[in-house]
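1. model this:
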Amino acid sequence: MRRAYKFLLRPTAKQTAALTACLSDHRHLYNAALEERREAYRRAKATIRYGDQSAQLKDIRRADPGGQGHWSFSSQQATLRRLDKAMRAFFRRVKAGQTPGYPRFKGAGWFDTVEWPKDRDGCRWDSAPTTGTTRVYLQGVGHIRVHAHRKVDGTVKTVSVKREGRRWYVVLSCDEVPAEPLPETGAVVGVDMGVAAFLTTSD
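-> Numbering: from 1, shown residues only. Next comes the predicted model:
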């Protein structure tokens with residue numbers, strides 16, 4: 001089964017500043033990509049897709065080595081995929097005749113998560129196991145101390161960093177987590193899932 005784990009981060013002041021800059025640069029990338037899509041359609045009725053924008057990343061990073069070039073290429077691809085998902089959802093709602101709600105530009109308080117889609121690609125969970133302290137490595141930020149209050153089972157697939165107020169968290173998505181079946185009780189119950197009532201049991 002797949003399971004998510006959420007842990008509090010304990011960044012230093014320097015790491016907090018780097019995390020804030022990381023969020024800001026990813027937000028600017030998201031907004032710039034959205035602007036490009038809007039302008040292409042407004043001016044020429046042209047549709048720009050994820051592949052088109054991902055192909056521009058190398059040039060963007062080369063032109064801004066101290067900003068966009070400082071962060072993980074994979075995390076920037078994930079941000080562009082996030083926009084692509086929002087655009088596809090918009091067109092799906094339009095096609096279904098629903099109220100669409102065109103994707104909006106993200107203000108500073110509306111973009112609080114950055115994802116690294118693969119462990120050990122611009123990030124590394126438990127990056128310093130010999131120190132006796134759990135840490136997560138993020139490219140451009142460093143090895144951040146983690147308050148790991150429980151054991152992580154399975155294989156870490158994605159790593160995300162999330163800001164909530166003044167706190168920072170790391171969220172892990174893990175595959176192949178062993179199921180933990182509950183002890184048998186000897187009781188038997190029938191279950192019906194429907195529309196009017198989500199779930200009805202025989203008792």
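2. What is the longest helix of the protein by residue count?
-> helix 13-44 (DSSP state H).
3. Could you tell me the average pLDDT over stretch 85-101, please?
-> Mean per-residue pLDDT for stretch 85-101: 91.
4. Flag every buried residue along the longest helix of the chain.
-> For helix 13-44, burial by neighbour count (16 or more other Cβ atoms under 10 Å) applies to 15-16, 18-19, 21-23, 25-34, 37. Every C-beta, even on glycine, is put in place using the N, C-alpha and C of the backbone.
5. Stretch 145-164 now?
-> 145-146, 148, 152, 154, 156, 158-163.
6. what's the farthest-apart pair in those?
-> 154 and 163 (25.4 Å; Cβ to Cβ).
7. looking at the sheet around the residue most central in space within the chain, what are its partners?
-> Geometric centre of the chain, nearest residue: residue 115, 3.4 Å, by Cα atoms, centre = their mean. Counting by DSSP bridges, residue 115 is bridged to residue 160.
8. Also residue 200?
-> Residues in beta-bridge contact with residue 200 (DSSP bridges): residue 192.
9. Could you list the low-confidence segments of this structure?
-> The model of the chain has no residue with pLDDT under 70.
10. Tell me where it has helices.
-> So, for the chain - with DSSP H - the helices run 13-44, 50-54, 57-63, 73-95.
11. Now that we have the ones you listed, can you turn them into a markdown table and tack on distance to residue 188?
-> Below are the helices of the chain laid out as a markdown table (distance: least, Cβ to Cβ, whole Å):
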| stretch | distance to residue 188 |
| --- | --- |
| helix 13-44 | 51 |
| helix 50-54 | 49 |
| helix 57-63 | 56 |
| helix 73-95 | 41 |
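12. Looking at the ones you listed, which is nearest to residue 4?
-> Across the helices of the chain, closest to residue 4 is helix 73-95 (Cβ to Cβ), at 15.9 Å.
13. Which residues does the closest one contact?
-> Residues outside helix 73-95 that contact it (Cβ atoms under 8 Å, 6 or more residues apart in numbering) are 26, 29-30, 33-34, 37, 49-50, 53-54, 57, 61, 68, 99-103, 114-118, 121-123, 139.
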